[in-house]
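>>> Fold the stuff below for me.
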Amino acid sequence: MDWQPDQQGLQQVLQLLKDSQSPNTATQRIVQDKLKQLNQFPDFNNYLIFVLTRLKTEDEPTRSLSGLILKNNVKAHYQSFPPPVADFIKQECLNNLGDASSLIRATIGILITTIASKGELQMWPELLPQLCNLLNSEDYNTCEGAFGALQKICEDSSELLDSDALNRPLNIMIPKFLQFFKHCSPKIRSHAIACVNQFIMDRAQALMDNIDTFIEHLFALAVDDDPEVRKNVCRALVMLLEVRIDRLIPHMHSIIQYMLQRTQDHDENVALEACEFWLTLAEQPICKEVLASHLVQLIPILVNGMKYSEIDIILLKGDVEEDEAVPDSEQDIKPRFHKSRTVTLPHEAERPDGSEDTEDDDDDDALSDWNLRKCSAAALDVLANVFREELLPHLLPLLKGLLFHPEWVVKESGILVLGAIAEGCMQGMVPYLPELIPHLIQCLSDKKALVRSIACWTLSRYAHWVVSQPPDMHLKPLMTELLKRILDGNKRVQEAACSAFATLEEEACTELVPYLSYILDTLVFAFGKYQHKNLLILYDAIGTLADSVGHHLNQPEYIQKLMPPLIQKWNELKDEDKDLFPLLECLSSVATALQSGFLPYCEPVYQRCVTLVQKTLAQAMMYTQHPEQYEAPDKDFMIVALDLLSGLAEGLGGHVEQLVARSNIMTLLFQCMQDSMPEVRQSSFALLGDLTKACFIHVKPCIAEFMPILGTNLNPEFISVCNNATWAIGEICMQMGAEMQPYVQMVLNNLVEIINRPNTPKTLLENTGRLTSPSAIPAITIGRLGYVCPQEVAPMLQQFIRPWCTSLRNIRDNEEKDSAFRGICMMIGVNPGGVVQDFIFFCDAVASWVSPKDDLRDMFYKILHGFKDQVGEENWQQFSEQFPPLLKERLAAFYGV
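Okay, the predicted model is just below:
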């Protein structure tokens, strides 16, 4: 006999469902408590499914809500449903997929996939066969309901469906879905494509076996009247371009023609899917060859897609010019992620034009949803990187008309176009920039806020060129106008100007020193003016300024301007406020730049950082011991605090000694170095290195405990942790001298292994966007180990000399390089045989020095001449024949060999 509800119980459940639709918070709270009580009764879930599937007299929202509450229960504790309850729910779902209401069908579909994803695909063997069977139903509602459920299952469990665990049901399902591409109902056709699309990226075997049929069927649907079908066809082609381009190449010309039409589809969702095609095609090696002849059509379409739509302008409040007094709502503020401190070395290679921009998000963050404008701009950006100058003949004629257009929406899109091509077409744009940059600077004072904000972004993309010209030409006018925009009355413009100014700071560096007073006045004034979200960006602009001008900031008048507002914010924020992150990062840069100028402010800042580390460690400990009682801490607080302590140690040098003496930081550091989270260890090792340089007296007593931990972290799987640990070991060597001897074997083998790794990834130098050879830090540390303990390290010389030389030849002359080369010279003294086979590499590394100190130059001279004398004049001549001409010249000029 079927389960039947108790009438009184049913009325209670219905009343609850009605109450839960009330906007009143107090009612909502009562509903939540009541739900908790009712969940104690196993058959409460029977009532919920009963309302969803059987109570056709109730209104649809109530029935659907009943199903959604049941879905949440299934998610939370399906495992504890008694078998009769679970069976009743499953049966009701399958029996009612053909409900007359599309809302109820969709709700049942969601419920089915939720049960399926609870490990029930294996436990519910009849589910897939029954759903596939229901597809054959003559009744449209049943077919559509079954397809809706199947689509959700394909989305949630695609991997499982293509596995042996279920006996590979896809072998039956894919051919079945393909039959429905020709169904008379657009909704069903759309479901069928969406189901198959789930399996493209994973290259499911059953789909690969039917790939040609699939592509044929897609082509047949290319001109379907239904936008949802066209959207799914475009999505399929974009994914196939990534995984099965071989099957598309024979049809590429007609696919491109089709996508050109679809990118202009009157339905924006279809146009957006089609526009993704150009982004994906740009990443394929064949892009240039297949697309070159179509650029003449494509470029105007992409440019046209870069205009704001009417709906964008409404959403962006494009007609609101002044909103600076309106507080931000919390959801406006995107979560930020702190990048842990990475130790890096200065490097020779200057960055090429079109420098690395990390934050090239276009400008409309409020529409952080991906839309046609953003996609078109991104596509133009990547295509500019593929075609370079060849793009310009198709673009320049359009640009002139756009940039000087009377309608602001058109003009705005022209400025966006100019920014999008900046990286790829920089060389070709240079002749036009002397005329364009002044025009863009003029646009910074346009009456429309959206024009002012996009002009900020585009100008930042050309900052590299601006800085390469005489400062009075463009840098000074640009800076003056950008600073005005930082104080704009519109929040979006403030944000764009602040970000653009940060980019300009990175490019201009010390060129900004003459204007520091004026810049600081503006940034400090903005402090009093900005709402929450833009304050966070302002911190970044101040931190970047400090990084860019360095010790030039250490002037009493500048400190007087800058520090009071920063410290005021610092005092306002509570320890658990996430706004501390950007402020701590900013202070870290400021402390490093001000050096001794930061002394008056250092004590409270230092104490608070130590407290943040201590609190986080304590909270982590409580959570580990009682996870049911305590929440896991947000370790970012600790990471940012460790990084600011590093900034203090680096900036204050020896002055930090007293602060360290009065705190328990070494004990805390010992714990942080063993944290399970790599970013915490990364920042701890950076701080250890900085404290070693600043006040070794406090580090030395801990060395015996610290060294084994450093040794175990020499694992290149975590490249940044490994780099920082390696750097800290090198700094410790320089302080310990010969006392390092007991620890050499603990770390040497790992370092040699790291330096010999063939494909050590390139690490990006955070602050300048330059690449440094990641093996440079291990090489310097090996050199330093050899400098203090040559007898211990020299026997291994032959195992590392070649990679050692190649990784240090590109590093600029500096203290670290100096100590490392002294070490290598001493090791060659102990074990000259170790360098013989790779001597040419040593010669090359020596020649990379521009001006070594005199005594180091003598060491080089002795080794080179010693080698030459050893092999004799004739052999030396033969040997030096292999040298590249430049190397020969340098060695002859500097060392007379």
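>>> Report the mean confidence score over the host helix or strand of residue 237.
Taking DSSP states H and E as the criterion, residue 237 maps to helix 227-243. The pLDDT scores in helix 227-243 average 95.
>>> got it, and stretch 790-802?
Mean predicted confidence for stretch 790-802 is 95.
>>> sorry, back to before: identify each buried residue in the helix holding residue 237, please.
Judged by neighbour count using 16 or more other Cβ atoms under 10 Å, the buried positions of helix 227-243 are 227-241. Where C-beta positions appear, they are placed from N, C-alpha and C, glycine not excepted.
>>> Show residues contacting the helix or strand just after that helix.
Sequence order places helix 245-248 as the next helix or strand after helix 227-243, per DSSP H and E. Contact partners of helix 245-248, identified using Cβ atoms under 8 Å, 6 or more residues apart in numbering, comprise 211, 212, 215, 237, 240, 241, 255, 284, 286.
>>> Please point out which parts of helix 245-248 sit buried.
245, 248.
>>> so how far is that helix off the chain centroid?
Helix 245-248 sits 31 Å away from the centroid of its parent chain (Cα atoms, centre = their mean, to the nearest Å).
>>> swap in stretch 443-451?
The answer for stretch 443-451 is 30 Å, by Cα atoms, centre = their mean.
>>> Determine how far the last residue of it lies from the first.
Using Cα to Cα, to the nearest Å, the end-to-end distance of stretch 443-451 comes out at 7 Å.
>>> 45 is where my numbering starts, stick with that
Noted, 45 is the first residue going forward, which turns the last one into stretch 487-495.
>>> can you give me the mean pLDDT across it?
Per-residue scores along stretch 487-495 average to 95.
>>> which residue ranges form the strands in the protein?
807-808, 815-816 (DSSP state E).
>>> Can you list the residue ranges for helices in the stretch 395-544 of the chain?
416-431, 436-447, 452-464, 470-473, 477-487, 493-505, 507-512, 519-530, 535-552 (DSSP state H, counting those that start in this stretch).
>>> How about the stretch 45-194 of the chain?
Using DSSP H, counting those that start in this stretch, helices in the stretch 45-194 of the chain cover 51-63, 69-82, 88-97, 104-121, 127-139, 146-159, 165-167, 171-178, 184-200.
>>> Quick check: buried residues in the second one?
By neighbour count with 16+ other Cβ under 10 Å, helix 69-82 contains the buried residues 75, 78, 82.
>>> Quick check: pLDDT value at the second one.
pLDDT, residue 78: 85.
>>> Then the first one?
According to the predicted model, the pLDDT of residue 75 comes to 85.
>>> how about low-confidence regions in the stretch 695-844 of the chain?
Low-confidence segments of the stretch 695-844 of the chain, defined by pLDDT under 70: 803-819.
>>> ranges for the helices of the stretch 745-894 of the chain?
For the stretch 745-894 of the chain, the helices defined by DSSP H, counting those that start in this stretch occupy 747-756, 763-780, 788-799, 820-832, 834-837, 841-852, 859-874, 883-891.
>>> C-alpha coordinates for the fifth one, PDB please?
If I follow you right, that is helix 834-837. Presented in PDB, the C-alpha positions along helix 834-837 are these (Å, rounded to 0.1, in the frame of the first residue of the first chain):
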ATOM      1  CA  PRO A 834      84.900  25.100   0.900                       C
ATOM      2  CA  GLN A 835      86.300  21.800   2.100                       C
ATOM      3  CA  GLU A 836      82.800  20.300   2.600                       C
ATOM      4  CA  VAL A 837      81.200  21.600  -0.700                       C
END
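>>> Looking at this protein, which helix is longest?
Determined from DSSP state H, the single longest helix within the chain is helix 643-669.
>>> just the helices of the stretch 745-894 of the chain: most buried one?
helix 820-832 (a mean of 28; mean count of other Cβ atoms under 10 Å).
>>> which strands and helices sit next to that helix?
With contacts defined as 3 or more Cβ pairs under 8 Å, 6 or more residues apart in numbering; DSSP states H and E, helix 820-832 has these neighbours: helix 763-780, helix 788-799, helix 834-837, helix 841-852, helix 859-874.
>>> What's the local residue count around residue 338?
16 (other Cβ atoms under 10 Å).
>>> ok, it - contacts?
Residue 338 neighbours (Cβ under 8 Å, 6+ apart): 300, 301, 304.
>>> Next: residue 648.
Listed by Cβ under 8 Å, 6+ apart, the contact set of residue 648 reads residue 614.
>>> Could you report the distance from it to residue 631?
Noted for residue 648: a distance of 11 Å to residue 631, by Cβ to Cβ, to the nearest Å.
>>> any residues in contact with both of the two?
residue 614.
>>> which residues does residue 483 contact?
residue 447.
>>> what stretches of the chain score poorly on pLDDT?
Along the chain, the model assigns pLDDT under 70 to residues 45, 163-164, 362-363, 375-383, 387-412, 803-819.
>>> Identify each buried residue in stretch 719-739, please.
719, 721-739.
>>> again, but for stretch 51-63
Buried residues in stretch 51-63 (16+ other Cβ under 10 Å): 57, 58, 60, 61.
>>> pretty sure the third one contacts residue 83?
No. Under the criterion of Cβ atoms under 8 Å, residue 60 makes no contact with residue 83, lying 11.7 Å away.
>>> could I get the helices and strands packed on helix 820-832 as TSV with distance to residue 711?
Converted to TSV, the helices and strands packed on helix 820-832 look like this (distance: least, Cβ to Cβ, whole Å):
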stretch	distance to residue 711
helix 763-780	17
helix 788-799	22
helix 834-837	30
helix 841-852	35
helix 859-874	29
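>>> Reformat the buried residues of helix 69-82 into JSON lines and put distance to residue 940 next to each item.
Below are the buried residues of helix 69-82 laid out as JSON lines (distance: Cβ to Cβ, whole Å):
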{"residue": "75", "distance to residue 940": "91"}
{"residue": "78", "distance to residue 940": "94"}
{"residue": "82", "distance to residue 940": "94"}
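>>> which of those lies closest to residue 624?
Residue 624 has its nearest neighbour among the buried residues of helix 69-82 in residue 75, at 37.2 Å by Cβ to Cβ.
>>> excluding its backbone neighbours, what's nearest that closest one?
Nearest non-adjacent residue to residue 75, counting by Cβ to Cβ, 6 or more residues apart in numbering: residue 64, 4.5 Å away.
>>> Done for today, thanks.
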